[in-house]
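> Quick one: sequence and predicted model below, then my questions.
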Number of protein chains: 2
Amino acid sequence: MIGEFEYVLLTSAAALGDNAYGAAIREQIEDTTGRRCSIGALYTTIDRLESKGLLSTWMGEATAERGGRAKRMVKLTPQGIREAKDFYNAILRVSRNASWAVERRKGIL
Amino acid sequence: MIGEFEYVLLTSAAALGDNAYGAAIREQIEDTTGRRCSIGALYTTIDRLESKGLLSTWMGEATAERGGRAKRMVKLTPQGIREAKDFYNAILRVSRNASWAVERRKGIL
DNA sequence: GAAAATATTCTGCAAAGCAGACTTAGCGTC
DNA sequence: GACGCTAAGTCTGCTTTGCAGAATATTTTC
């Protein structure tokens, strides 16, 4: 099973679609979680996920906007999508009868 | 933020209420996740969660059913409940627009 | 008093998460 | 054509979580 941060990263990369690359993913993570994401946390996790085959990366061109180095683009593999889905479903299944989940459902419905 | 397994353990203990103790929690975890839970994973995590103040434990009496040692009873602290809730909400928030979450919602509604 | 049952303790290792200094590289300008 | 500015990624070391199972404790039953 993937870890929580790995899940957050996969989800954030998926949300960015064709614009998913290191720095943008980092921003996306900070925005959606409200937590700070260090550079180290980001890239070590990207490396790990790539070596596990859950995402693939390649170097894009350095887009020319006032400086900048080439971007490392990211895309989930089918296996990555599968594992993210599994993680999500596992959390939902385990939480089925948890008071906090029930409360929240009531709020939504 | 707590880890995924810590979340599973807290949730399982919560589900068992007054019957929450090591071995029962382990069974609960195996049932709800479908994954195997080793003894080591269980108790090291209980220890950690206790030292972080997310749950408290005490020794109960040895119930007399064909042998058996005293049980280590477990109960979430208010802080434990809070952290579990935070974890759950964080996953839901991050997943808001993920394809796998959307698919699943459609299935439910 | 030995076997069987129930449950926990202990110890070591593997995987995931976190932090930030350092480096690379293009752009603009003078 | 060197220098500073900006955007982005590499590298390295450490901490926290997760995993495994052998060993041990305690109680019942025969």
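Ah, there it is. Numbers count the residues shown, from 1 in each chain, chains lettered A, B, ... in the order given.
> Tell me the residues of chain A that contact DNA strand D?
Within chain A, the positions adjacent to DNA strand D are A:1, A:3, A:21-24, A:39-40, A:43-44, A:63, A:65-72 by Cβ under 7 Å from any atom of the strand. (Each C-beta comes from the backbone N, C-alpha and C, glycine too.)
> Buried ones among those?
A:21-22, A:24, A:71-72 (16 or more other Cβ atoms under 10 Å in any protein chain shown).
> Just the ones in helices from these, please.
A:22, A:24 (DSSP state H).
> Closest to DNA strand D out of the buried ones among the residues of chain A next to DNA strand D?
The nearest member of those to DNA strand D, counting by Cβ to the nearest atom of the strand, is A:G22 at 2.5 Å.
> got a list of what that closest one touches?
A:42-43, A:46, A:71-72, A:74 (Cβ atoms under 8 Å, 6 or more residues apart in numbering or on different chains).
> again, only using 6 Å
Counting by Cβ atoms under 6 Å, 6 or more residues apart in numbering or on different chains, A:G22 touches A:R72.
> what number of residues lie near the nearest residue to A:Y7 once chain neighbours are set aside?
Excluding the flanking residues, the one nearest A:Y7 by Cβ to Cβ, 6 or more residues apart in numbering or on different chains is A:F87, at 4.8 Å. The tally of other residues near A:F87 (other Cβ atoms under 10 Å in any protein chain shown) stands at 22.
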